[in-house]
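Asks: Next input, structure requested:
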Amino acid sequence: MAATATRSDKVRRIFLQFDANKDGGLNRGEMAALVVAVNPRVKFSDEQINAILDEVFRTYGEFMDSEKGLTFEGLLRTYDDGAGDVDRDFDALGLDLAVPEIADVAVVGESDGASSSMANERVVVDPNKKQRTAAWAASPNHGVVFDETWNLVDDLEILIKRLKVKQQGGDGKKNDNSDAYSDAGWSREFGPSSEHSEMVWAESGSDYAAFVRELGVLRSRADGARSREEAFDGQMAIGRVLYEHRLFKEALVSFKRACELQPIDVKPHFGAGSSLYAIGKYEEAKEEFQLALEAAETGGNQWAYLLPQIHVNLGVALEGRGMLLSACEHYREAAILYPSHYRALKLLGSALLGVGEYRAAVKALEEAIFIKPDFADAHCDLASALHALGDDERAIVEFQKAIDLQPDHVDSLYNLGGLNMDIGRYQRASEMYTRVLTLSPHHWRAQLNKAVSLLGAGESDEARKAMKEALKMTKRIEVHDAITHLKQLQKKKPNGGSNGENPFVVVEATRFKTVNEKTTLRQELANAIEIRSFQRLSRLDRCDVELLRREMNDNSVPLSFSGTGIPEKSMRKNALERVLHRLLSSLKPEAFQESVKAINERILSALDESGLGRVDIGMFYAIIAPICSGPPERRKRIAFEALLWRPINEGSSQLKKVDASRYIKLLRAIYIPSRGVSEMLEIHGETDASTVSLNEFLVMFDDSDWGFGVLSTLLKLELGDRKRHARHLCSVCRYPIIGSRFLEVKSRFSLCNLCYSEGKVPSAAKLDEYTFKEYESESEALKDKFTCFSS
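Replies: Next up, the predicted model:
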């Protein structure tokens with residue numbers, strides 16, 4: 001081979017070697033032969049080859065000839081972008097500039113640094129060993145570069161094999177984490193091999209400690225390489241092998257060392273992020289993926305092939321922290337960069353479903369299924385989205401498709417049971433829950449729902465047995481409450497209802513009267529209960545209202561302009577999600593997801609008038625302030641301050657009256673939709689230039705007819721959450737009464753908050769009018785009794 005050969009000459013020689021039909025282009029077959037030949041140690045699957053070719057031909061489309069394939073200029077550009085090492089490939093192929101023959105690839109010799117015992121073990125290694133070891137080397141710029149690195153890989157495999165033999169002799173082989181790497185979307189780029197999926201390592205004990213010590217020797221060998229590049233190659237290879245064998249903590253050490261050696265390289269950050277995610281450190285995983293993303297975006301086309309996977313994995317890491325709106329942004333970006341990335345589309349659809357954007361979820365999931373029709377998870381989530389939209393027949397079809405594709409798909413069976421229960425098919429629901437329990441015997445929710453569905457089907461005895469089984473599985477309060485309720489229903493049965501009569505009737509609101517003004521009106525209580533339900537679901541009652549003031553003072557929001565040109569402090573929903581994460585920092589990821597979903601469905605959808613995903617942050621703070629925790633006067637005061645914080649009022653001590661009026665009406669439209677939506681229509685076109693002070697604002701706010709006077713009733717519900725009324729049960733639902741008790745003064749029956757607000761009364765109590773007195777606590781009822789006796 002000529003010593004003076006230029007880079008271009010070598011690329012041209014490689015090109016000519018594989019241009020079999022001599023048409024001046026490399027078609028898919030010729031390009032596949034090139035990829036295989038320059039990676040002699042790798043045994044590619046057809047799927048891997050096709051993925052590599054798709055990426056190369058897409059990334060270098062400008063160098064493609066529609067009939068011939070990739071041109072010489074295109075191949076040269078792939079090397080210029082770092083997709084391969086031309087010198088290494090040229091030598092690996094054994095090419096000579098003058099002789100167009102491919103020499104046999106020489107066997108790499110052993111390193112002098114290897115221990116004699118490992119060297120002896122290497123002699124008898126299966127000849128396909130390295131092909132299996134390097135299954136993750138799916139493209140030229142992913143694989144091992146230096147020959148000495150292969151020795152490190154071989155020796156590490158020997159160490160792992162020794163450890164596995166020792167641990168499998170005890171309790172080393174387990175399967176209690178098998179679905180942590182299911183088709184939930186974790187990147188196939190860095191997903192652990194299914195070959196090692198059942199191994200869970202016992203990290204305590206002398207065997208593992210000895211393995212770590214010997215692993216340290218291998219890392220030292222890698223660090224002692226002749227160049228920084230070779231040391232980096234060694235640490236990356238060690239990290240990959242460890243990751244493949246689910247030794248995530250040890251893999252992380254090697255990836256972190258590789259990050260130190262080449263801080264701006266994408267791959268070690270990507271590997272570190274994957275390892276951190278695998279051990280449950282989602283925040284740190286997110287940070288590593290963000291570093292990988294920054295490096296990839298500034299590295300040109302060199303990392304274009306990896307960008308979709310970085311976005312996917314970053315989205316998954318964000319989901320691990322409960323931040324679905326932020327995850328959606330990255331799944332969208334991955335799908336834009338790689339339109340056939342069905343996993344990104346499925347994850348996008350699932351995340352949109354999780355935040356309550358059902359129509360968008362259906363669209364993304366249908367696209368994922370179009371690309372991969374046998375994707376059971378996508379069918380399951382599509383069915384859930386359709387059910388949320390009320391299209392139950394299509395939902396049943398999709399659930400059934402998922403079950404046909406994967407008969408043990410627990411989520412599909414469980415959710416299909418829930419759908420059948422929702423539409424009154426209790427027997428069918430019970431069958432679904434039975435199948436779930438066959439596959440997952442400790443699924444207490446399925447057991448509890450099976451009991452409820454059997455009760456709905458009229459099989460009380462079987463329901464009672466199922467309820468007892470649920471109690472054996474968990475001591476959660478939901479099961480205890482359900483059992484208590486079932487017992488009360490059983491007690492009630494002999495006294496009435498045997499002739500088919502409904503145990504209660506719903507009475508129109510005009511027939512409900514109150515003894516005095518202290519007794520809450522039925523409609524007002526109904527509105528307050530609905531707000532309280534949202535308050536609990538959103539967990540905003542756990543957010544101290546003073547935190548809103550701190551957010552306004554400590555975090556600046558840049559001005560933006562709406563379509564009308566009015567300046568406002570607005571932010572995208574995913575950025576607002578980060579604000580909510582600070583406000584609700586005590587929540588676990590699952591609870592935070594539920595919170596964001598509730599807030600997105602009820603508040604953000606109303607504030608995003610343009611549909612562009614941007615929200616007026618000052619108005620948002622003002623809307624949530626009344627239902628945060630804290631004294632009522634502080635809630636109202638901070639709502640006022642949030643409105644002043646908006647650019648339209650900033651710098652003033654008074655609000656524009658039109659702005660205050662719009663806020664009150666928007667507040668009512670969001671929290672009391674039955675009375676507020678029509679009022680919103682009156683807002684547009686108001687031009688009143690007058691202003692209101694804090695005191696005037698409070699008068700507007702507290703108005704029971706046109707303001708948010710329901711807050712006083714909401715406060716009563718908040719305080720009454722833990723108040724019980726001795727042994728008093730609601731005469732309709734038979735549950736113990738919590739909060740206020742409403743006593744009908746003539747028939748002397750009692751109702752709970754919910755039944756009173758819904759207008760339910762016992763069928764046996766037939767009156768023209770029902771007059772109620774409210775007792776907030778049992779001490780009030782006792783005072784009434786003593787007053788009655790004394791009189």
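Asks: And for Gly611, the neighbour number?
Replies: 7 (other C-beta atoms under 10 Å). C-beta coordinates here come from the backbone N, C-alpha and C atoms, glycine included.
Asks: show me the biggest helix of the protein in terms of residues.
Replies: Longest helix in the chain, counting residues (DSSP state H): helix 147-168.
Asks: That one: how far from the chain's middle?
Replies: 36 Å (C-alpha atoms, centre = their mean, to the nearest Å).
Asks: Then Gln17 would be within a helix, right?
Replies: Yes - judged by DSSP: H, G, I helix; E, B strand; the rest coil, Gln17 forms part of a helix.
Asks: ok so, going back, tell me which residues of the longest helix of the chain come out buried.
Replies: For helix 147-168, burial by neighbour count (16 or more other C-beta atoms under 10 Å) applies to 148-160, 163-164, 166-167.
Asks: where does the protein have low pLDDT?
Replies: 1-6, 41-42, 81-83, 96-143, 169-198, 477-501, 561-565, 675-688, 785-791 (pLDDT under 70).
Asks: that older thread, and the next element down the chain from the longest helix of the chain?
Replies: Of the helices and strands lying after helix 147-168 in sequence (DSSP states H and E), the nearest is helix 206-223.
Asks: who's in contact with that next one?
Replies: 113, 149, 152, 155-156, 159-160, 162-163, 166-167, 201-202, 231, 234-235, 238, 250, 253-254, 257 (C-beta atoms under 8 Å, 6 or more residues apart in numbering).
Asks: Count the neighbours of Arg741 for me.
Replies: Using other C-beta under 10 Å, Arg741 has 27 other residues around it.
Asks: Distance check, it against Tyr414.
Replies: From Arg741 across to Tyr414, the span is 37 Å (C-beta to C-beta, to the nearest Å).
Asks: and if you look at Arg246?
Replies: Taken as C-beta to C-beta, the span from Arg246 to Tyr414 is 28 Å.
Asks: So between these two, which is more surrounded?
Replies: Between Arg246 and Tyr414, counting by other C-beta under 10 Å, Tyr414 is the more crowded of the two (22 against 19).
Asks: What's the first helix or strand after the helix or strand containing Ala334?
Replies: Using DSSP H and E, Ala334 sits within helix 324-337. Counting by DSSP H and E, the element after helix 324-337 in chain order, helix or strand, is helix 342-354.
Asks: what's the distance between that next one and the middle of its chain?
Replies: Distance, centroid of helix 342-354 to centroid of chain: 9 Å (C-alpha atoms, centre = their mean).
Asks: Now do the buried residues in that helix.
Replies: Buried-residue list, helix 342-354, by 16+ other C-beta under 10 Å: 342-354.
Asks: Next secondary structure element downstream of it?
Replies: Downstream of helix 342-354, the next assigned helix or strand under DSSP H and E is helix 358-371.
Asks: who touches the residue nearest the centre of the chain in this structure?
Replies: Nearest to the mean C-alpha position of the chain, by C-alpha atoms, centre = their mean, lies Glu319 at 3.4 Å. By C-beta under 8 Å, 6+ apart, Glu319 lies in contact with Ala327, Ala351, Pro589.
Asks: Pull up the gap between Val579 and Ala383, please.
Replies: From Val579 to Ala383 the distance is 33 Å (C-beta to C-beta).
Asks: So between the two, which is more surrounded?
Replies: The residue with more neighbours, out of Val579 and Ala383, is Ala383; 28 against 17, by other C-beta under 10 Å.
Asks: List the residues that contact that one.
Replies: With contact set as C-beta under 8 Å, 6+ apart, Ala383 has these partners: Arg394, Ala395, Ile396, Val397, Glu398, Phe399, Ala402, Ser412, Asn415, Leu416, Leu419.
Asks: In helices, which of these appear?
Replies: Residues of these located in helices (DSSP H): Arg394, Ala395, Ile396, Val397, Glu398, Phe399, Ala402, Ser412, Asn415, Leu416, Leu419.
Asks: what about the residue lying closest to the first one once chain neighbours are set aside, distance to Lys657?
Replies: With C-beta to C-beta, 6 or more residues apart in numbering as the criterion, Arg394 has its nearest non-adjacent residue at 4.9 Å, and that residue is Leu386. To Lys657, Leu386 is 45 Å away according to C-beta to C-beta.
Asks: List the buried residues in stretch 284-295.
Replies: Residues of stretch 284-295 classed as buried by neighbour count (16+ other C-beta under 10 Å): Glu284, Ala285, Lys286, Glu287, Glu288, Phe289, Leu291, Ala292, Leu293, Ala295.
Asks: which residues touch that stretch?
Replies: 264-267, 269-270, 272-274, 276-277, 303, 306-307, 310-311, 313-314, 317-318, 320-321.
Asks: Kindly report the same for stretch 552-562.
Replies: Stretch 552-562 is touched from outside by 567-571, 579, 610, 614, 617-618, 621, 641-642, 645, 647, with contacts defined as C-beta under 8 Å, 6+ apart.
Asks: try it again with 6 Å
Replies: Pro567, Lys569, Ser570, Ile617, Trp645 (C-beta atoms under 6 Å, 6 or more residues apart in numbering).
Asks: how about the residue nearest to Arg394, phi and psi?
Replies: In terms of degrees, to the nearest 10, the main-chain angles of Leu386 are phi -60, psi -40.
Asks: Same check on the one 3 residues further on?
Replies: For Leu389, the backbone dihedrals are phi -90, psi 0 (criterion: degrees, to the nearest 10).
Asks: contacting residues for the closest residue to it other than its chain neighbours?
Replies: Spatial nearest neighbour of Leu389, excluding adjacent residues (C-beta to C-beta, 6+ apart): Tyr358 at 5.1 Å. Neighbour list for Tyr358: Ala385, Ala388, Leu389 [criterion: C-beta under 6 Å, 6+ apart].
Asks: Buried ones only from those, please, as a ChimeraX command.
Replies: Buried members of the contacts of Tyr358 can be picked out in ChimeraX with the line below, counting by 16+ other C-beta under 10 Å:
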select :385
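Asks: from the contacts of Tyr358, which is closest to Ala446?
Replies: Ala388 (20.2 Å; C-beta to C-beta).
Asks: Could you measure from the closest one over to Gln302?
Replies: 42 Å.
Asks: give me the element Gly618 is part of.
Replies: helix 617-624.
Asks: In terms of secondary structure, what does that helix contact?
Replies: strand 567-572, helix 632-645 (3 or more C-beta pairs under 6 Å, 6 or more residues apart in numbering; DSSP states H and E).
Asks: before we move on, back to that, which of the contacts of stretch 284-295 fall within helices?
Replies: Among these, the members falling in helices (DSSP H) are 266-267, 269-270, 272-274, 276-277, 307, 310-311, 313-314, 317-318, 320.
Asks: What's the PyMOL line that selects buried ones from those residues?
Replies: Buried residues within the ones in helices among the contacts of stretch 284-295, by 16+ other C-beta under 10 Å, are selected in PyMOL with:
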select buried, resi 266+267+269+270+272+273+274+276+277+307+310+311+313+314+317+318+320
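Asks: ok, now how distant is Asn415 from His387?
Replies: Applying C-beta to C-beta, one obtains 8 Å for the distance of Asn415 from His387.
Asks: all helices of the stretch 501-650 of the chain, in order?
Replies: Using DSSP state H, counting those that start in this stretch, the helices found in the stretch 501-650 of the chain span residues 522-538, 546-554, 573-583, 589-599, 605-607, 617-624, 632-645.
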